[in-house]
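Undergrad: return atomic coordinates for the entry below.
(chains A and B)
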Amino acid sequence: MSSGLGKPRSRAYFATWTAAFVLLVLGIVWALGYATQKVDYVWRWYKVPRYFYYQDDVEIHAGIQGTVAAIVQGSDGVTTIIVKGDGEQESYSLPKGTGSRVSKGDFIYPGDVLGSYKDWKVGILLIGLWITLKVSFLAIIAGIVLGLLTGLMRISDNPCFRWLSITYIELIRGSPLLVQIFIWYFVVGTLINSMLGQAGLPLVPPLWFGVASLAFFSGAYIAEIVRAGIQSIHRGQTEAARSLGMNGTQCMVHVILPQAFKRILPPLAGQFISLVKDSSLLGIIAIRELTKVTREVITTSLQPFELWFMCALLYLVLTFALSMLLQYMEKRMINS
Amino acid sequence: MIRAENLSKYFYVPHKMVALNNVSATIKPGEVVVVIGPSGSGKSTFLRCLNRLEYADKGHVYIDGVDVLAPKTDINKVRAEVGMCFQSFNLFPHKTVLENLIMAQHVVLKRSKKDAAERGMVLLKKVGIHEKSHVYPDQLSGGQQQRVAIARALAMDPKVMLFDEPTSALDPEMIGEVLDVMKALARDGMTMVVVTHEMGFAREVADRVLFMDKGEIVEEGTPEHFFTNPQSDRTKLFLSQIL
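TA: Residues are numbered from 1 along each chain as shown, chains lettered A, B, ... in the order given. Below you'll find the model as predicted:
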């Protein structure tokens, strides 16, 4: 944003520097392409779409041994193959558009392919994207709850609550997220799952320890954002509310939090974006989120350049959408 | 109505500072008491001690016989019956004018939103801003905001109104409209304690004037006595400086 304090700029000034920007970006792209040619890297972008959505061959196998007794062409396009064996009979239906590979009277062994058809399946990258989205969404919701509670405890008069929240915030902010993920999975996870196992209960899948680690991590930061937001509301607001006879909770719910919420939305957006990106660490505890599946795809496709760029692009789509959503909310709140 | 006995209040900023020193005063029902004095004399602190926005370190405050400073007292009930207006209005910026008036009626007095809105409109009419009921406070002038603040306090049907320099933050041409509302309130028999620098208001409306300096009540009396025949040297000096 131009502050209007500098000297006025001419049109030529903007044209020149816009051109400089475009040239710089193009230059970087060209340099990358040139460098990859130098190391004989072949770009195969056409290999990428199949990891989003692909056509899978679905084969229909015979289950018994026998001869094909009849091939019935149904009116709805479904073909039914009846196989008669030694005192047993089985019928297999092939969906519309499936060519049968056997004819009447053929002798069939178990496992023989009776027919095959093509079906579209969701690729591994999209599955990874979905897991990332799911983990982030759950962690954001839990993080908001944790952060709000901790933030309120942080400004409470009660020393127990206050010190509890300070300890939590300092512990979380003072240690690496990677280490926290390990602790959640290898320490907390092992303890919980061992005890559940001993009690004969179903175990908690790693995904939930991943969600917990992200939620507790971002909760500590959200708590500080919430605290700062609440403390930024002028003291007079509390005094006015209390002088009208509201108690502390009523004042917080009706007067302070609605105003604080408007102010904490922008930093909160930044925190959510961080969280989505931090979820890329969860691959190390066997959660198949976007980064983890990208690594898996690279081991089969051997096209690391395209796939890492694609991975980054997908994160960008997620974070950009999130940022747009929060900006929209912010605008709506300001207009209201 | 209000009885303050030997109130003392200290601030530690960071050294001990006496804000109120053994202040006693009685405000009778229907009385308008104006508190004046130089800045830092403790008049705002005194006012804020009356509804426990500041907790006095020593002494007692009784409102209608209720011991305000006693830990067992339901202070929210006391405050609901004591209206207060601030120098900086402190309207709720995220609510419209009418919603400002509805909120505490609904939340504290448990009135239905409809009843609260009706009561609110009556009061907005009284202070002359009913046509702005659906506007947000930041679209109002200072004088209008202060009148809304007065209406908001009145919506709780208070027994007493406390005013903490209600006109000090206003442009000169807006002071009159706020003072007019306060005068009308006084005429209706509202018990009022007003901290102000408006000597004209004090002279015209007050039943009694308290002059405070250095945390103590130096002089008190009728406006006539106070402005024409002050006893203490400190009062004389103050009056000579401002009149």
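
Undergrad: excluding chain neighbours, what is closest to B:Val18?
TA: The shortest distance from B:Val18 to any non-neighbouring residue, by C-beta to C-beta, 6 or more residues apart in numbering or on different chains, is to B:Gly215 (5.0 Å). Glycine gets a C-beta too; all of them are placed from N, C-alpha and C.

Undergrad: pull the number of nearby residues for the closest residue to A:Lys292 other than its chain neighbours.
TA: For A:Lys292, ignoring the flanking residues on the chain, the nearest one in space by C-beta to C-beta, 6+ apart is A:Gly283 at 3.1 Å. Other residues within reach of A:Gly283, judged by other C-beta atoms under 10 Å in any protein chain shown, total 21.

Undergrad: quick check on A:Gly283: phi, psi?
TA: When read as degrees, to the nearest 10, the backbone of A:Gly283 gives phi -60, psi -30.

Undergrad: distance of it from chain B?
TA: 43 Å (C-beta to the nearest C-beta, to the nearest Å).

Undergrad: taking chain B, what residue is nearest to chain A?
TA: Going by C-beta to the nearest C-beta, chain A is nearest to B:Ala80 of chain B, at 2.9 Å.

Undergrad: what stretches of chain B score poorly on pLDDT?
TA: Of all residues in chain B, none has pLDDT under 70.

Undergrad: which stretches of it form strands?
TA: Along chain B, counting by DSSP state E, strands occupy B:2-12, B:16-27, B:32-36, B:58-63, B:66-67, B:82-85, B:160-164, B:191-195, B:208-213, B:216-221.

Undergrad: mind putting the ones you listed in CSV, mean neighbour count included?
TA: Formatted as CSV, the strands of chain B follow (neighbours: other C-beta atoms under 10 Å in any protein chain shown):
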stretch, mean neighbour count
strand B:2-12, 17
strand B:16-27, 17
strand B:32-36, 25
strand B:58-63, 18
strand B:66-67, 14
strand B:82-85, 26
strand B:160-164, 24
strand B:191-195, 25
strand B:208-213, 23
strand B:216-221, 18
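
Undergrad: rebuild the ones you listed as a markdown table, extending it with distance to A:Leu94.
TA: Output for the strands of chain B, formatted as a markdown table (distance: least, C-beta to C-beta, whole Å):
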| stretch | distance to A:Leu94 |
| --- | --- |
| strand B:2-12 | 88 |
| strand B:16-27 | 92 |
| strand B:32-36 | 95 |
| strand B:58-63 | 89 |
| strand B:66-67 | 87 |
| strand B:82-85 | 82 |
| strand B:160-164 | 86 |
| strand B:191-195 | 91 |
| strand B:208-213 | 98 |
| strand B:216-221 | 101 |
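
Undergrad: among these, which is nearest B:Pro93?
TA: Smallest distance to B:Pro93 across these (C-beta to C-beta): 16.6 Å, for strand B:82-85.

Undergrad: what does that closest one rub up against?
TA: Outside strand B:82-85, the residues that touch it by C-beta atoms under 8 Å, 6 or more residues apart in numbering or on different chains are A:240, A:243, B:50-51, B:53, B:63, B:146, B:149-150, B:153-154, B:156, B:158-164, B:166.

Undergrad: what does chain B put close to chain A?
TA: Counting by C-beta under 8 Å from any C-beta of the partner chain, the residues of chain B close to chain A are B:51, B:53, B:76-84, B:86, B:88, B:90-94, B:103-104, B:107-109, B:149, B:152-153, B:156.

Undergrad: residues near B:Ser184, how many?
TA: That one is not Ser; residue B:184 is Ala. 13.

Undergrad: what about B:Asp138, how many residues nearby?
TA: 8.

Undergrad: might one say that it is in contact with B:Phe92?
TA: No. At 11.0 Å, B:Asp138 does not count as touching B:Phe92 under the criterion of C-beta atoms under 8 Å.

Undergrad: ok, A:Asn193 - contacts?
TA: By C-beta under 8 Å, 6+ apart, the neighbours of A:Asn193 are A:203-204.

Undergrad: assign it to helix, strand or coil.
TA: helix (DSSP: H, G, I helix; E, B strand; the rest coil).

Undergrad: any idea how far the residue nearest the centre of chain B is from A:Val255?
TA: The centroid of chain B falls nearest to B:Phe163 when counting by C-alpha atoms, centre = their mean (1.7 Å). Using C-beta to C-beta, to the nearest Å, B:Phe163 is found at 21 Å from A:Val255.

Undergrad: then A:Val48?
TA: 53 Å.

Undergrad: near residue 173, how many other residues are there?
TA: Using chain A. Neighbour count for A:Arg173, taken as other C-beta under 10 Å: 12.

Undergrad: you looked at the wrong chain, it should be chain B
TA: B:Glu173 has 9 neighbours, counted by other C-beta under 10 Å.

Undergrad: give me the distance between it and B:Ile129.
TA: 16 Å.

Undergrad: and B:Val178, by the same measure?
TA: Taking C-beta to C-beta, one finds B:Val178 at 11 Å from B:Ile129.

Undergrad: okay, and the common contacts of these two?
TA: Overlap of the contact sets of B:Val178 and B:Ile129 (by C-beta under 8 Å, 6+ apart) consists of B:Arg147.

Undergrad: what about those two, which has more around it?
TA: Using other C-beta under 10 Å, the more surrounded residue of B:Val178 and B:Ile129 is B:Val178, with 25 against 21.

Undergrad: chain B contacts on the stretch 201-336 of chain A?
TA: Counting by C-beta under 8 Å from any C-beta, the stretch 201-336 of chain A sits next to chain B at A:234, A:236-237, A:239-247, A:250, A:254-255, A:258-259, A:262.

Undergrad: filter those to the buried ones?
TA: Buried members of those, scored by 16 or more other C-beta atoms under 10 Å in any protein chain shown, are A:237, A:239-246, A:250, A:254-255, A:258-259, A:262.
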